[in-house]
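# below: sequence and its predicted model.
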Amino acid sequence: MMFDMYTHFPCGRVRIVMESALTARDRVGVQDFVLLEKYNSEAALIENLRRRFGENLIYTYIGSVLVSVNPYKELEMYSKQQMERYRGVSFYEISPHIYALSDNTYRAMRTERKDQCIMISGESGAGKTEASKKILLYYTVTCPINEHMATLGDRLLQSNPVLEAFGNAKTFRNDNSSRFGKYMDVQFDFRGAPVGGHILNYLLEKSRVVHQNHGERNFHIFYQLLDGGDDDLLTTLALERNPQSYNYLVKVCVCVCVCVCVCVCGINRGIICNSLVQGNCPRLSSVSDKNNWKVVMKALSVIGFTEEEVQKLLDIIASVLHLGNTQFGEGEEGETYITTETQITHLAKMISPLNFEQAMSARDALAKAVYGRTFTWLVEKINQSLALKEEIYHSGKGCTVIGLLDIYGFEVLQHNSFEQFCINYCNEKLQQLFIELTLRSEQEEYETEGIAWETVQYIDNKIICDLIEEKHKGIISILDEECLRPGETCDVSFLEKLEDTLGGHPHFVTHKLANGKTRRVMSREEFRLLHYAGEVNYNVNGFLDKNNDLLNRNLKEVMCQSDNQILCHCFRREEVIHQKRPEMAATQFKNSLMKLMEILMSKEPSYVRCIKPNDAKQPGRFDEVLVRHQVKYLGLMENLRVRRAGFAYRRCFEAFLQRYKPLCPETWPNWHGRLADGVSTLVNHLGYKAEEYKLGRSKIFIRFPKTLFSTEDALQAKKPEIVITIQSAWRGMKARRRAKRRRQAAELIRKLIKGFIYRHEEYCPENEYFLDHVRCSFLKNLRKNLPKSVLDQNWPTPPPSLVETSDHLRRLHMRNMVMKYCRRVQPEWKKQMMQKVIASEIFKDQKDSYPQGVGRLFLDSRLEREQINLKVVQTLGNDKVQYGVSVVKYDRRGFKPRPRQLLLTNTFAVLVERTKIKQRVDYTALRGISVSSLSDGMFVLHMPNEDNKQKGDVVLHCDHVIELVTKLAMMAGKVNYVNVSPGSIRFVLARGKEGIIDFVRGSELKVAKGKRGHLLVVSLF
């Protein structure tokens, strides 16, 4: 349990927790019925329920059992924040909730690696289905999931609206009553994530398909289809929107008439006259069939039903409605015939040997069989969708299971028949299992703690279970014998057989066997069973027919011939061929119940008992008579007596000592010895008597609630004193902390001032703190302001003592940035940068056009491959052109411009005029390269002039002079032989003559022959 006074939530609200609520018990009751002083009083239990219900506290514990009262309104207690509040918290640490039980079960499965189950019971309208939904929602939200598991979680949740549509109906007590029992396994992997699921269904109320009591409805799906289906769908299914058009959905009178045949599901069906009194309740104010239809259709898609499967399923639902409208005629000799078209002549032949009543029974049996088997197929299909997909889990060893049993509670109606008999038999078995498991759990805890086990007196309902299920002598065996006995059998003969066989049993009474007082309230067609929850009268009318649950063999053959794949799956041909009679309905239910008991016995159980506070479904209304009736049938008093037979309260030593240690000076504020010794010291100080408590190995057991209440009241009385003590200690501690901080601050200021005075001295005790502080501040500032790029030259100014260190750090940082930058540079950019670096070494701050030239990308070539003549390429042979550019060559005589191509290879350069190589310049012979300092594109290639045969230097002009000269200098290895001349360039003409190029700035770019035979180049400003 939680030991603080309150639990705080993110939304700011405060809720009283388990043991803290003991102080409010007079107003809101106790949160665990075990703590009731008058635990043998049914009135005290109901009064405690009433108090809590009035405060919207709908959950209460009986030990580990959760009792839930339906509030009939939305409560703000199921949000995701509430889920997180209960996640990972010990069961008794916080107020009772369905999430607390869900989390406790989940953690027990994870820690003990043992399968668990949660059994939810209660009568119709008590909130069983909602409780199971809340548990599933808790697991899908709080458990770890991946994409596949999220899909599985959606399918688990979406299976509910589908099963509700096909298995739930409006009854007198509940607008959404489950008319079948459901057991669902949720499978978890080793990480605690849901990985699979499986559903078992029990005892669908098939009789509801053909008959409902006044004020009740058929299964929801019929009304949802008629109200929510679009016009095209209804036309395809030959349906009308008005539910009153269908005999299985409304109240009609006995009649024999003629109607039209409809072909659905691949079988031609006639329409029967209905002579039964039906529900006549097509609309519900609390339910929107149209909206629920959309929910169901979406859920079918999420689960994995194909459009074809959904259509086939709806075909079957429509066929049941049409089957209910099939009508018969009766001939003069008593033979029966279908008064419809000739397409169903073969059906008429099957019906003709039957009289009118038999024909109607055959029709209804077919409708019930079709719907019941389709429901079973639906559950199987959902199970395929939820099945484990990963091979590792198929062995069953890789996962653990939490089972959810949502099953009908004990049922006592005004007229009880075969269905109520089966339901109450199921509850007898569950009560027997519950008592056995509860006693076993109690005994195991006592033995674990070393406490002597005391024999518990309780009502053993084994005698009632044997009365129903015993071989050869039980009610089910007698019922089966009567159904199989040759000759005329009827329900009355079955009752007579019961009287002959069970006449002296203390829990069995009939009108014939009863005393005069009992006979006045019992019909001659009834028998009474004294169940653990009370007496119930069962009317035997219909017992034999419902137990036989037989379908005419001819009708089975027709179903096997259906074009509907679902019906073919439900009605196997082997069933027709096989001569063995199937088991009776009661025996099938008994066998499935036995298997369920085996499943539950193999798991660790948890229990939810649901109670309906009133029949009008009104919030805030508490009908004490109705609640007392349910308390009795749920066996809550028996449960409480078993739980209270020993000790009412038990808690681990640590929890008990932590909460109540302020009551003893020796344990307050802290106990440093063994926990058991601390608890013993505490209870001795409190004056506990020996018969009031026992100390186990790890827990204290308190026998009487009054002992706990007096301890809690003493704690409440002690709290003001504790508060004052805590306040005094807290204020003193805060004052000491403040004084300490002031002393530390003054000392720090003195050190800084003294260090500042001696800051220029050598490192010494007087200035060490100040200098360390300055250095630390510089390094912290440097860490925040380091340069982000190699071009950033900013660097914080270091203090005098860190100048050398700062220089080292700056170099290291720059080197590190350069290294990182170089690692990021791609090969093509590396080549580009190398050329730019060479260009910078040659031209930076020397030639005016350098900024523009170096700012552009250096291309691999300025000539396309197609621009170089193929003949020239062939002439060059193996010497590949590495770079090509268009240039203008100026003649030595008159400086006449000639357009040329300059092609650079790895060893030489050539000047090309169209298809002819005009001049070759070997790199080894190249003496130098001259350019001007202005922005023009002129350059001169200086050649050897020792030989008079040489043509002299080459004068060229290029628009990309920076790029061209850089590449030529790099290829020729003449980077250091590039000369940038500021005024003029001298060059050698042929035969040793000298020429001069003069460079001037002007407003217009011009190259022309100037004075004195010089070449004049005018560059732009």
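Sure, I can see it.
# right, and Phe418 touches Asp549 too?
No. Phe418 lies out of contact with Asp549 (C-beta atoms under 8 Å); the separation is 9.9 Å. Heads up, the C-betas are built off the backbone N, CA and C, glycines and all.
# now for these two: what residues contact both?
Residues touching both Phe418 and Asp549 (C-beta atoms under 8 Å, 6 or more residues apart in numbering) are Ala585.
# counting neighbours, go ahead and name the busier of those two.
More crowded of Phe418 and Asp549, by other C-beta atoms under 10 Å: Phe418, with 23 against 20.
# wait, what's in contact with the more buried one?
Applying C-beta under 8 Å, 6+ apart, the residues near Phe418 are 542-543, 546-547, 585-586.
# before we move on, what about Thr438?
Taking C-beta under 8 Å, 6+ apart as the test, what Thr438 contacts is 639, 642-643.
# repeat that for 10 Å
By C-beta atoms under 10 Å, 6 or more residues apart in numbering, the contact set of Thr438 is 62-65, 456, 458, 605, 607, 638-639, 642-643.
# turn those into a markdown table, including pLDDT, distance to Lys918 and secondary structure.
Below are these laid out as a markdown table (pLDDT from 0 to 100; distance: C-beta to C-beta, whole Å; DSSP: H, G, I helix; E, B strand; the rest coil):
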| residue | pLDDT | distance to Lys918 | secondary structure |
| --- | --- | --- | --- |
| Ile62 | 86 | 112 | strand |
| Gly63 | 79 | 111 | coil |
| Ser64 | 80 | 106 | coil |
| Val65 | 87 | 109 | strand |
| Val456 | 64 | 121 | coil |
| Tyr458 | 65 | 122 | coil |
| Pro605 | 86 | 105 | strand |
| Tyr607 | 88 | 107 | strand |
| Glu638 | 76 | 120 | helix |
| Asn639 | 77 | 115 | helix |
| Val642 | 73 | 118 | helix |
| Arg643 | 73 | 115 | helix |
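# out of the residues you listed, which one sits closest to Leu36?
For those, the closest approach to Leu36 (C-beta to C-beta) belongs to Ile62, at 9.7 Å.
# once you drop chain neighbours, what's closest to the closest one?
Distances taken as C-beta to C-beta, 6 or more residues apart in numbering place Phe33 nearest to Ile62, at 4.6 Å, with adjacent residues excluded.
# that neighbour touches Tyr39, doesn't it?
Yes. Between Phe33 and Tyr39 there is a contact under C-beta atoms under 10 Å: 7.2 Å.
# sorry, back to before: so which of the contacts of Phe418 comes closest to Leu45?
Ala586 (34.5 Å).
# which parts of the stretch 651-800 of the chain are strands?
693-695, 699-702 (DSSP state E, counting those that start in this stretch).
# likewise the stretch 451-600 of the chain?
Going by DSSP E, counting those that start in this stretch, the stretch 451-600 of the chain shows strands at 508-510, 526-531, 534-539.
# any idea of the angle the last one forms with strand 526-531?
Computed with axes from the mean of the first three to the mean of the last three C-alpha atoms, to 10 degrees, the direction of strand 534-539 lies at 160 degrees from that of strand 526-531.
# from the chain's centroid, how far away is strand 534-539?
45 Å (C-alpha atoms, centre = their mean, to the nearest Å).
# ok, that strand: who's next to it in the sheet?
strand 526-531 (antiparallel) (DSSP bridges).
# which of the contacts of Phe418 has the most neighbours?
Ranking the contacts of Phe418 using other C-beta under 10 Å puts Ala586 first, with 26 neighbours.
# nearest to Thr448, of the strands of the stretch 451-600 of the chain?
Of all the strands of the stretch 451-600 of the chain, it is strand 526-531 that lies closest to Thr448, at 34.2 Å by C-beta to C-beta.
# what's the mean pLDDT across that closest one?
Strand 526-531 shows a mean pLDDT of 91 in the predicted model.
# same check, this time on stretch 676-694
pLDDT averaged over stretch 676-694 gives 85.
# first-to-last residue distance for it?
Using C-alpha to C-alpha, to the nearest Å, the span of stretch 676-694 from its first residue to its last is 11 Å.
# repeat for stretch 663-670
Stretch 663-670: ends 12 Å apart by C-alpha to C-alpha.
# overlap in contacts, Phe33 and Tyr39.
In contact with both Phe33 and Tyr39: 45, 62, 637, 640, 643-644, 648, using C-beta under 10 Å, 6+ apart.
# before we move on, back to that, please identify the most buried of the strands of the stretch 651-800 of the chain.
Neighbour counts (mean count of other C-beta atoms under 10 Å) averaged over each of those peak at strand 699-702, with a mean of 22.
# what mean pLDDT does that strand get?
84.
# tell me what that strand is packed against?
helix 418-449, strand 649-652, helix 653-660, helix 675-686, strand 693-695 (3 or more C-beta pairs under 10 Å, 6 or more residues apart in numbering; DSSP states H and E).
# could you list the low-pLDDT ranges of the stretch 1-150 of the chain?
Counting by pLDDT under 70, the stretch 1-150 of the chain has low-confidence residues at 1-27, 92-93, 146-149.
# tell me where it has helices.
Remark: helices assigned in the stretch 1-150 of the chain by DSSP state H, counting those that start in this stretch are 25-28, 42-54, 80-86, 98-112, 128-142, 147-167.
# could you dump those into CSV with mean neighbour count and distance to Tyr246 added?
Below are the helices of the stretch 1-150 of the chain laid out as CSV (neighbours: other C-beta atoms under 10 Å; distance: least, C-beta to C-beta, whole Å):
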stretch, mean neighbour count, distance to Tyr246
helix 25-28, 13, 50
helix 42-54, 18, 41
helix 80-86, 17, 43
helix 98-112, 21, 39
helix 128-142, 21, 26
helix 147-167, 19, 17
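# now those in CSV, with distance to Met943?
Below are these laid out as CSV (distance: least, C-beta to C-beta, whole Å):
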stretch, distance to Met943
helix 25-28, 112
helix 42-54, 112
helix 80-86, 88
helix 98-112, 91
helix 128-142, 88
helix 147-167, 76
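# what's the closest of those to Gly884?
helix 147-167 (58.3 Å).
# what packs against that closest one?
helix 128-142, strand 177-178, strand 181-188, strand 194-202, helix 220-228, helix 289-303, helix 307-324, helix 356-386.
# and the ones you listed, which one is worst for confidence?
Going by mean pLDDT, the lowest-scoring of the helices and strands packed on helix 147-167 is strand 177-178, which has a mean of 82.
# what's in contact with that strand?
Under the contact criterion C-beta under 10 Å, 6+ apart, strand 177-178 has outside partners 123-125, 128-129, 132, 163-164, 167-171, 204-205, 208, 216-217, 406-408.
# returning to what we had before: what about Phe33 and Tyr39, which has more around it?
Phe33 (25 against 19).
# what helix or strand is Arg609 on?
Taking DSSP states H and E as the criterion, Arg609 maps to strand 604-611.
# kindly report the same for Leu404.
strand 400-406.
# just to revisit the earlier point, which of the helices and strands packed on strand 699-702 sits closest to Asn537?
helix 418-449 (9.8 Å).
# buried sites along the closest one?
Residues 418-435, 437-439, 442, 445-446, 449 are the ones in helix 418-449 that count as buried (16 or more other C-beta atoms under 10 Å).
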